[in-house]
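> just coords:
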């Protein structure tokens, strides 16, 4: 049975390796493809077959999916090479050259790599890529012969909105992370200029997401931290995490001990403390209070 006819010209060497990959992937699933090729001038005509016994809805669906992913990569390359610079320069004209280079590197990774899902940005981008692939798959399933160059030429405009949305999301994340890095640098500066007011601070998190903070003698210093923040003139923190960060900065301890770090629900707070205070951070998982905390977590 004929699965698909494919037309492409000599400039698309990526097609051959892509078809080989499709053939190998289907072979793993027990489906053997037959391939015939003819040429007229610089145009290649490929026909892909499978046996009547192997021809079923699942085989056709798998082939169309793999072939759609191959065309997606070619569409992504077309957008990256010919459309991305213009889109970034017109929409994000405020970015410096070094920032544009970094954004383009991030776009390259997102367009072409299939990494682990790390955050909601990754989920969003995957959904957009799937949107493009599904449109390609719909077209492929409705035609017996696909002209690769023709499809890319006439369908790139249709895919632009999805690619641009991916770029928007990547730049949004990039700007947020850049602002966060600048925020960390500012906090580190405040720590450097502060006079040390306490030798050691111990921070514990309980099963309810609350924090307990003590000095080296086991005395609670939350109230002291709040007082120091008010005296320093900092804007009043809006939540307990803000109070902890601001309090640590004003106290500027020589040593900060994080107990049972794996139980911190707010990982962002933990990462911020680690980045701001760096070598002053120590981790404890074996003291008496840690053991009590772990028993409470396990029991509940």
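It's in. Everything numeric in this text was worked out from a predicted model, so none of it was measured. Residues are numbered from 1 along each chain as shown.
> contacts, neighbours, all on C-alpha from now
Will do.
> From the rest of the structure, what touches the helix or strand hosting residue 4?
Counting by DSSP states H and E, the element that carries residue 4 is strand 2-9. Defining contact as CA atoms under 8 Å, 6 or more residues apart in numbering, one finds that strand 2-9 is touched by 15, 42-50, 60, 144-149.
> Pairing partners for that strand, with directions?
Using DSSP bridges, the strands paired with strand 2-9 are strand 43-50 (antiparallel), strand 145-147 (parallel).
> Out of those strands, the one nearest residue 274 is which?
For the strands paired with strand 2-9, the distance to residue 274 is smallest for strand 145-147, at 54.3 Å, taking CA to CA.
> Give me the mean pLDDT for whatever helix or strand comes next after the closest one.
Past strand 145-147, further along toward the C-terminus, the next helix or strand under DSSP H and E is helix 148-193. Helix 148-193 carries an average pLDDT of 92.
> Buried residues of the helix or strand following helix 148-193, list them for me.
The first helix or strand that comes after helix 148-193 along the chain, using DSSP H and E, is strand 200-205. Neighbour counts over strand 200-205 (16 or more other CA atoms under 10 Å) mark 200-205 as buried.
> distance of the residue positioned nearest the centre of the chain from residue 98?
Taking CA atoms, centre = their mean, the centroid of the chain lies closest to residue 122, which sits 4.0 Å from it. From residue 122 across to residue 98, the span is 23 Å (CA to CA, to the nearest Å).
> Equivalent analysis for residue 124, please.
In terms of CA to CA, residue 124 sits 25 Å off from residue 98.
> And these two? Which one has more around it.
It is residue 124, of residue 124 and residue 98, that has more neighbours when counted by other CA atoms under 10 Å, with 15 against 9.
> Pull the contacting residues for the more buried one.
The contact partners of residue 124, taken as CA under 8 Å, 6+ apart, are 166, 169.
> tell me the contacts of residue 131?
Here residue 131 is in contact with residue 162 (CA under 8 Å, 6+ apart).
> which SSE is it in?
Using DSSP H and E, residue 131 falls in helix 120-141.
> how about that helix: buried residues?
Buried residues in helix 120-141 (16+ other CA under 10 Å): 122, 125-126, 128-129, 132-134, 136-137, 140-141.
> for stretch 156-170, same thing?
Under 16+ other CA under 10 Å, the buried positions of stretch 156-170 are 156, 159-160, 162-164, 166-170.
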